[in-house]
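Student: below is the sequence, then the predicted model.
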Amino acid sequence: MLAVEPGACVVDCTLGLAGHATMLAKAAGPDGLIVGMDVDPNNLAIASQRMEEGGCPHRLVRSNFDQLDLVLKDLGIDGVDAILADLGVSSNQISEPRFGLSFQVDAPLDMRLDDRLADSASDLVNRLGETELANLIYEFGQERLSRRIAKTICRERRTSRIVTTGQLVEVIGRALRVNPNSRRSKIHPATRTFQALRIAVNDELGALMRLLEIAPTVLKEGGRVAIISFHSLEDGIVKRSFRASRTDGIYDVLTKKPLVAGQDERRANPRSRSAKLRVAMRTVRPLEEYTQ
Ligand SMILES: C[S@@+](CC[C@H](N)C(=O)[O-])C[C@H]1O[C@@H](n2cnc3c(N)ncnc32)[C@H](O)[C@@H]1O
């Protein structure tokens, strides 16, 4: 869908372990250039090693993708052929206790993918007022029982600060009157609250919206942008943004409906079940014509 040709300049906004980037590098070849971005220095280091093995020039930068325009400016690049963002976290980050992303491992309640961010999940959980916390869990976690959870968090934190994932799981279990370790419900009772906190801590939706604003300003005519999202909040933002840009004549949308993984892929890689891919192509009229 990105139609990367030899010699192309491609940005992978979410380098991760360079699974996508190494394939993009193969397509772009020795005359191409891959710009890779990630906020996690650990993933960047692993990706850097993998990229060395391919034959394509690359520049890897530790940066949030909402700074894409500035990063390209710094590198002296004024237009790119393709942009990819594969949102969220990588599997190794979920299982890495340091991030505190998983409700299955007891670890510090942190969740910052970028350790330069000021607030950890624990900071939010212990500082926000009850209504603010309930709204956050409802809005970003789509959790119907957010008020009960927020109320119990605020009650429990009066006795002791909530600083580990295990403590938070216990508190959620108490709020919902379920044993968090029993496997009765389809999804773990802490799933939605953990999702909400992760989105808030990393300002995931804000960064995505800023990336979508920047993308058409750095894409060459005919250049493509592909976004893989993993929940409906993200997918809704991508869908609405692409639609609005199509109306403004900035994009042709190449995916009427999002592309999803086929049965074989879902079986082999269960995390692909919730993935949705949307792709748009910058129309051939220069952007200034629309913005003047
Ligand atoms: C789903 S993984 C990407 C996996 C990658 N496509 C691969 O093939 O290995 C998402 C990666 O994006 C990074 N990330 C998440 N949000 C980011 C942001 N706003 N800016 C830059 N990197 C981000 C995470 O640290 C993680 O390494």
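Tutor: Alright, I've got the coordinates. Numbers count the residues shown, from 1 in each chain.

Student: tell me how many other residues surround the closest residue to residue 147 other than its chain neighbours.
Tutor: Spatial nearest neighbour of residue 147, excluding adjacent residues (CB to CB, 6 or more residues apart in numbering): residue 134 at 4.7 Å. (Each C-beta comes from the backbone N, C-alpha and C, glycine too.) Neighbour count of residue 134, defined by other CB atoms under 10 Å: 21.

Student: quick check: phi and psi on residue 134?
Tutor: Note on residue 134: backbone dihedrals following degrees, to the nearest 10 are phi -60, psi -40.

Student: surely it and residue 149 touch.
Tutor: Yes. Counting by CB atoms under 8 Å, residue 134 touches residue 149, with 7.4 Å between them.

Student: residue 81 belongs to a strand, doesn't it?
Tutor: Yes. Residue 81 forms part of a strand when assessed by DSSP: H, G, I helix; E, B strand; the rest coil.

Student: confidence score at it?
Tutor: At residue 81, the pLDDT value in this model is 98.

Student: just give me the neighbour total for it.
Tutor: 22.

Student: from residue 219, how far off is it?
Tutor: Counting by CB to CB, to the nearest Å, the gap from residue 81 to residue 219 is 8 Å.

Student: and stretch 54-69, anywhere near the ligand?
Tutor: Yes. Interface with the ligand: stretch 54-69 contributes 64, 65 (CB under 6 Å from any ligand atom).

Student: residue ranges of each domain in this structure, please.
Tutor: Residue ranges for the domains of the chain, per automatic domain parsing: 9-91+204-291, 118-201.

Student: residue 109 is nearest to which of the ones you listed?
Tutor: Among the domains of the chain, the nearest to residue 109 by CB to CB is domain 118-201 (4.1 Å).

Student: sec struct for the closest residue to residue 7 other than its chain neighbours, please.
Tutor: Leaving out its chain neighbours, the residue that sits closest to residue 7 by CB to CB, 6+ apart is residue 31, at 4.2 Å. At residue 31 the chain is in coil, as set by three-state DSSP.

Student: returning to that earlier point: let's have the domains of the chain in TSV, adding distance to residue 2.
Tutor: Putting the domains of the chain into TSV (distance: least, CB to CB, whole Å) gives the following:
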stretch	distance to residue 2
domain 9-91+204-291	4
domain 118-201	26
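
Student: and the stretch 51-200 of the chain, which residues reach the ligand?
Tutor: Checking the stretch 51-200 of the chain against the ligand by CB under 6 Å from any ligand atom, the hits are 64, 65, 86, 88, 89, 90, 113.

Student: residues touching the second one, list them.
Tutor: Contacts were defined as CB atoms under 8 Å, 6 or more residues apart in numbering; by that measure residue 65 touches 13, 14, 37, 85, 207, 211.

Student: just the ones of those in helices?
Tutor: 207, 211 (DSSP state H).

Student: list just the nearest of the contacts of residue 65 to the ligand.
Tutor: Nearest to the ligand out of the contacts of residue 65 is residue 14 (CB to the nearest ligand atom; 3.2 Å).

Student: so residue 60 belongs to a strand, correct?
Tutor: Yes. Using three-state DSSP, the assignment for residue 60 is a strand.

Student: gap between it and the ligand?
Tutor: Going from residue 60 to the ligand by CB to the nearest ligand atom, to the nearest Å gives 11 Å.
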